[in-house]
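> Attaching a predicted model along with its sequence, questions to come.
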Amino acid sequence: MSCCNAAEEVQSYDLEKRINVEDKRLINCKAVDVNQLMPLKYSWAWEHYLNGCANHWMPNEVPMQKDIELWKSGALTMPERLVIMRNLGFFSTGESLVANNIVLSIFKFVTNPEARQYLLRQAFEEAIHTHAFHYIVESLGLDGREVFNMYHEVDSIKGKDEFVMALTSDILDPNFSTNTVEGQQKFLKNLVGFYVIMEGIFFYSGFVMILSFHRQNRMTGIGEQFQYILRDETIHLNFGVDLINTIKFENPDIWTPELQREIYDMIDQAVNFEYAYACDCLPDGVLGLNADMFKEYVEYVADRRLERIGLKSKYGSKNPFPWMSETMDLTKEKNFFETRVTEYQSAGSLTW
């Protein structure tokens with residue numbers, strides 16, 4: 001065989017191995033090699049990855065001395081301490097559940113490499129969040145077993161966690177596949193459960209409660225970490241919405257009226273769980289907050305999440321905490337909180 005013929009064969013082989021970008025679908029990818037990142041099919045997935053990298057932070061970089069002094073001073077009331085403890089208890093396990101779902105179920109069935117790249121980044125961020133709660137517990141001298149075991153012992157936390165965990169059970173079945181319409185619908189419900197409900201609804205009451213302390217210049221170390229976590233979660237939510245909507249677009253047969261009704265039912269259950277959680281955290285009201293305000297807030301947030309996945313809003317409630325919108329506006333966040341969170345970017349400016 002001549003050198004020219006050998007070169008032609010190699011070139012022909014390389015061309016056969018090249019991936020058609022149109023085959024790099026989010027699920028049921030037709031491309032032979034799901035590890036080949038370039039060329040990108042979904043620029044939004046890569047942009048979310050870059051935004052996550054730009055938002056990198058570590059918990060032990062946040063000073064906790066003022067929080068420690070306030071916690072030990074006795075200046076916090078018992079209802080205020082309950083709010084902090086309940087939120088640490090929920091978030092400490094909630095972040096782990098999200099990470100487990102990414103690693104054990106979502107990553108397996110998302111077959112697009114740039115989307116997988118973001119999932120790896122998100123899983124690391126969930127680990128950072130769990131690290132943050134450990135850092136807070138250790139700094140304040142709390143009983144770690146009490147905090148990290150609340151999902152077993154506090155009904156309002158247990159209910160929320162069991163609700164989303166049930167959505168993972170089918171996906172973890174060794175025989176589960178996204179090759180059927182039924183399988184794709186179950187996978188989509190899992191994504192709605194974790195991105196839209198867990199990260200997009202369940203986390204937001206806790207953000208309001210903790211950041212309400214921060215607005216009063218109290219527990220500022222915890223508040224600063226929750227600002228970072230909120231910013232991470234905003235990117236997680238944006239990625240999840242893009243993931244859900246793209247799967248719907250590429251697999252139109254799965255978006256049936258029946259599935260839409262099931263998602264409405266899931267959102268209804270989530271709103272009820274979150275209201276029960278607010279009642280548990282705020283039995284008598286604290287920080288100018290009460291459970292009824294959170295019912296209105298959760299309904300408002302749920303409407304926004306429904307709209308983002310192409311469903312009509314349902315509740316029509318108003319936002320009783322308009323300042324929460326400002327915490328997610330990075331051009332105003334510095335002026336509002338007077339902390340370094342907006343300035344802390346390792347690679348350029350974040351844009352939403």
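Received the coordinates, thanks.
> for the residue nearest to the spatial centre of the chain, what are its contacts?
With distances taken as Cα atoms, centre = their mean, the residue of the chain nearest its centroid is residue 199 (3.6 Å). The contact partners of residue 199, by Cβ atoms under 8 Å, 6 or more residues apart in numbering, come to 98, 233, 236, 237, 240. The C-beta positions use only the backbone N, C-alpha and C, and glycine is treated the same way.
> Please narrow these to those residing in helices.
Taking DSSP state H as the definition of helices, these contribute 98, 233, 236, 237, 240.
> Could you tell me how many residues sit around the residue nearest to the first one when sequence neighbours are not counted?
Translated: residue 98. Excluding the flanking residues, the one nearest residue 98 by Cβ to Cβ, 6 or more residues apart in numbering is residue 126, at 5.3 Å. Burial of residue 126 is recorded as 24 neighbouring residues (other Cβ atoms under 10 Å).
> Ok, the one 10 residues further on next?
In terms of burial, residue 136 registers 25 neighbours under the definition other Cβ under 10 Å.
> so how far is stretch 316-327 from its chain's centroid?
Distance of stretch 316-327 from the chain centroid (Cα atoms, centre = their mean, to the nearest Å) equals 19 Å.
> ok, back up a step: looking at the contacts of residue 199, point me to the pair that's furthest apart.
Pairwise distances across the contacts of residue 199 (Cβ to Cβ) peak at 11.4 Å, for the pair 98 and 237.
> Comparing these two, which residue is more hemmed in?
Ranked by neighbour count (other Cβ under 10 Å), residue 98 and residue 237 place residue 98 first, with 25 against 19.
> OK, contacts around that one?
Counted by Cβ under 8 Å, 6+ apart, residue 98 has contacts 126, 194, 198, 199, 236.
> Any figure for the gap between it and residue 226?
Distance, residue 98 to residue 226, using Cβ to Cβ, to the nearest Å: 16 Å.
> residue ranges with poor pLDDT in the stretch 1-150 of the chain?
Residue ranges of the stretch 1-150 of the chain with pLDDT under 70: 1-23, 29-38.
> Correct me if wrong: residue 201 contacts residue 270.
Yes - the criterion here is Cβ atoms under 8 Å, and residue 201 meets it with residue 270 at 5.3 Å.
> So which of those two has more stuff around it?
residue 270 (25 against 22).
> Which residues are in contact with the spatially closest residue to the more buried one that is not a sequence neighbour?
In space, not counting the residues next to it along the chain, residue 270 is nearest to residue 197; the distance is 4.6 Å by Cβ to Cβ, 6+ apart. Contacts for residue 197 (Cβ under 8 Å, 6+ apart) come out as 163, 164, 266, 267, 270, 305.
> so who does the first one touch?
Contacts here follow Cβ under 8 Å, 6+ apart; on that basis residue 163 touches 193, 197, 269, 270, 273.
> repeat for the fourth one
When contacts are counted by Cβ under 8 Å, 6+ apart, residue 267 is found next to 196, 197, 201, 302, 305, 306, 314.
> Residue 90: which of those is nearest?
Among those, residue 201 lies closest to residue 90 (Cβ to Cβ), at 12.7 Å.
> List the contacts of that closest one.
267, 270, 271, 274, 298, 301, 302, 305.
> quick one: it and residue 57, what's the gap?
The value you get for residue 201 to residue 57, if Cβ to Cβ is used, is 24 Å.
> Same check on residue 123?
16 Å.
> got it, and residue 145?
Separation of residue 145 from residue 57 (Cβ to Cβ): 27 Å.
> same deal with residue 283?
From residue 283 to residue 57 the distance is 33 Å (Cβ to Cβ).
> Ok, residue 297 next?
With Cβ to Cβ as the criterion, residue 297 and residue 57 are 26 Å apart.
> Please apply the same query to residue 94.
19 Å.
> Between the two, which has more neighbouring residues?
residue 94 (25 against 20).
> what about that one, which helix or strand?
helix 78-101 (DSSP states H and E).
> Please verify my assumption that residue 87 contacts residue 211.
No - using Cβ under 8 Å, residue 87 is not in contact with residue 211; the gap is 10.5 Å.
> Compare these two (neighbour count), which wins?
The neighbour comparison of residue 87 against residue 211 (other Cβ under 10 Å) goes to residue 87, with 26 against 23.
> list the contacts for residue 68?
Per Cβ under 8 Å, 6+ apart, neighbours of residue 68: 139, 140, 141.
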